[in-house]
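Enquirer: Sharing a model that was predicted from the sequence below.
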Amino acid sequence: MMKPRVLLVDDDPDILDVLEITLSEDNYDITKAMDGEEALKIIRSKPIDLVLLDHNMPKMTGREVCMEIKKDILLRHIPILMVTGKGEVHDRVCGLEAGADDYIVKPFEPKELQARIRMTLKRSERDLDANPLTRLPGNISILGELSARIEGKMPFAVCYIDLNKFKSYNDIYGFEHGDDIIKETARILIRAVQETGQSSDFIGHIGGDDFVIITGIEAAERISQKVIADFDLSSPKFYNETDRANGYIMAKDRSGNQQRVPLVSVAIGIVTNEFRRIDHVAQVGEIGAELKAYAKSKEGSNYVRDKRKEDKI
């Protein structure tokens with residue numbers, strides 16, 4: 001079982017050491033940061049399950065760090081336990097208003113700190129609808145996000161993302177290596193949205209090698225192009241030297257015959273309400289499945305955008 005990943009943030013190295021010793025009994029994977037800017041860099045570069053955050057720090061206060069995390073749709077699920085000084089009621093209120101999930105007052109009792117962290121992690125695990133492999137939001141969150149945009153009558157685009165030839169890769173290289181491709185795909189999607197999308201964009205993991213990005217109409221093709229470029233650059237590294245040089249693997253088809261299977265690529269179907277009225281989530285799914293199947297029928301990585309006013313490609 002994977003250790004919970006806890007980030008400790010405080011500008012006092014002695015307090016960081018005390019916190020690390022206090023939490024050592026619970027077998028956490030501990031990372032430390034000495035200011036808010038360093039904390040944000042860590043949070044944006046590696047998975048974190050909980051942040052223990054001091055309120056008063058140089059460069060960025062705990063409140064400012066908390067607000068940055070909570071306004072980022074890819075990070076806002078991370079629970080934050082704010083640490084404040086004794087009697088500093090204003091700091092506690094500010095922390096909670098900024099989105100902190102709980103707070104603890106210095107000097108704290110070790111047992112209380114341990115209990116609060118365990119409780120916060122349990123609550124987060126129960127409440128977070130996330131894929132266990134990528135930690136991206138799952139189907140409940142995806143449906144909620146789509147419903148909100150449909151009910152709000154907002155213009156939107158939904159990119160349905162699927163991997164081509166992934167089953168054959170799993171059959172030859174094994175599920176552990178297949179999981180590595182899934183995680184790399186998640187990283188590529190996150191990077192594409194961060195670099196070419198908007199802060200309000202949503203990334204979800206439907207399951208297996210199926211993902212979704214919900215964005216604005218103007219950004220959908222730009223994001224898709226970035227995803228394809230980065231995926232095609234990254235995909236060959238998951239093969240051995242021979243398969244990489246050949247550009248294919250040998251795998252059995254459903255009849256048991258050996259055949260050449262191209263390297264894994266990515267197919268994207270883009271659904272928008274630009275040219276047609278969309279009234280319910282099921283409608284988005286139906287159009288997306290059709291477009292994605294059409295994209296998968298082509299060779300290599302590509303995307304298909306729905307510009308139809310009628311239900312014909």
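Expert: Yep, it's here.
Enquirer: helix or strand right after the helix or strand where Ser147 lies?
Expert: Using DSSP states H and E, the element containing Ser147 is helix 139-151. On the C-terminal side of helix 139-151, the nearest following helix or strand under DSSP H and E is strand 157-164.
Enquirer: now that next one against helix 139-151, angle please.
Expert: Angle, strand 157-164 to helix 139-151, by axes from the mean of the first three to the mean of the last three Cα atoms, to 10 degrees: 150 degrees.
Enquirer: Just the C-alpha atoms of strand 157-164, please, in CSV.
Expert: Taking Å, rounded to 0.1, in the frame of the first residue of the first chain, the C-alpha atoms of strand 157-164 are listed here in CSV:
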residue,chain,number,x,y,z
ALA,A,157,-15.9,21.9,-25.5
VAL,A,158,-15.3,18.4,-24.3
CYS,A,159,-12.2,16.5,-25.5
TYR,A,160,-12.6,12.7,-25.2
ILE,A,161,-9.2,11.1,-25.1
ASP,A,162,-8.4,7.5,-25.8
LEU,A,163,-5.2,5.5,-26.5
ASN,A,164,-4.9,3.5,-29.7
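Enquirer: in the helix or strand hosting Ser124, what's buried?
Expert: Taking DSSP H and E as the definition, Ser124 sits inside helix 110-127. The neighbour-count check on helix 110-127 (16 or more other Cβ atoms under 10 Å) flags 113, 116-117, 120-121, 124 as buried. To be clear about C-beta, it is placed using only N, CA and C from the backbone, and glycine gets the same treatment.
Enquirer: can you check stretch 283-298 too?
Expert: For stretch 283-298, the neighbour count (16+ other Cβ under 10 Å) marks 283-285, 287-288, 290-292, 295-296 as buried.
Enquirer: Contacts for that stretch, please.
Expert: 146, 150, 158, 160, 162, 164, 212, 267-271, 278, 302-306, 311, 313 (Cβ atoms under 8 Å, 6 or more residues apart in numbering).
Enquirer: Only the buried subset of those, as a ChimeraX command please.
Expert: Listed next is the ChimeraX selection for buried residues among these, using 16+ other Cβ under 10 Å:
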select :146,150,158,160,162,164,212,267,268,269,270,271,278,302,303,304,305,306
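Enquirer: hey, where'd the helices end up in this structure?
Expert: Secondary structure of the chain, counting by DSSP state H: helices at 13-23, 36-45, 62-71, 89-97, 110-127, 139-151, 166-173, 175-196, 220-234, 241-246, 281-296.
Enquirer: Out of those helices, which one sits most buried?
Expert: Highest mean neighbour count of those: helix 62-71, a mean of 21 (counted as mean count of other Cβ atoms under 10 Å).
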